[in-house]
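> below are the sequence and a predicted model for it; my questions follow.
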Amino acid sequence: MRRVDEAIRQVLGDAVSGDLKDPRVGFITVTDVRTSADLRHARVYVSVLGDPEQREASLDGLRSAHGFLQSCLARELRLKRTPTLEFSYDDTTDRAMRVDALIDEIERS
């Protein structure tokens, strides 16, 4: 499943950066993909550069382009099924920056 997840991440990353023309979609990085064992669903984690409003607009753009992105997957990968895509914001970067800020604050004390 890791190889499938990585292949899906690569195809979606290329499609979002090159083929997707939705103006709502800003600077997005596909950070991770988790596919169900039966290949029916895939949760796609994305990191979005910008404020919370830009993040939500980018996620809305991705959700509306879900059919296009699914067709890109079907065209590029030969899978038994093409999974239904669900996009989620990956807050790992936000949490890492918060931890870093807390460590800096402790060191200054």
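Received, thanks.
> report the central residue of this protein.
The centroid of the chain falls nearest to V46 when counting by Cα atoms, centre = their mean (2.6 Å).
> look up how far D38 lies from that one.
Separation of V46 from D38 (Cβ to Cβ, to the nearest Å) stands at 23 Å. No exception for glycine: its C-beta is placed from N, CA and C like everyone else's.
> same question, S64
S64 is 26 Å from D38, by Cβ to Cβ.
> cool, and I103?
42 Å.
> if we can go back for a sec, for the nearest residue to the residue nearest to the centre of the chain once chain neighbours are set aside, the count of nearby residues, please.
Spatial nearest neighbour of V46, excluding adjacent residues (Cβ to Cβ, 6 or more residues apart in numbering): I28 at 5.2 Å. Neighbours of I28 under the rule other Cβ atoms under 10 Å: 22.
> roughly how far does the closest residue to S64 other than its chain neighbours sit from L59?
Distances taken as Cβ to Cβ, 6+ apart place D22 nearest to S64, at 6.9 Å, with adjacent residues excluded. Distance of D22 to L59, computed by Cβ to Cβ: 11 Å.
> looking at those two, which one has more neighbours?
Applying other Cβ under 10 Å to D22 and L59 shows that L59 carries more neighbours, namely 18 against 15.
> now the more buried one: closest residue in space, sequence neighbours ignored.
Closest to L59 by Cβ to Cβ, 6+ apart is F87, at 5.7 Å.
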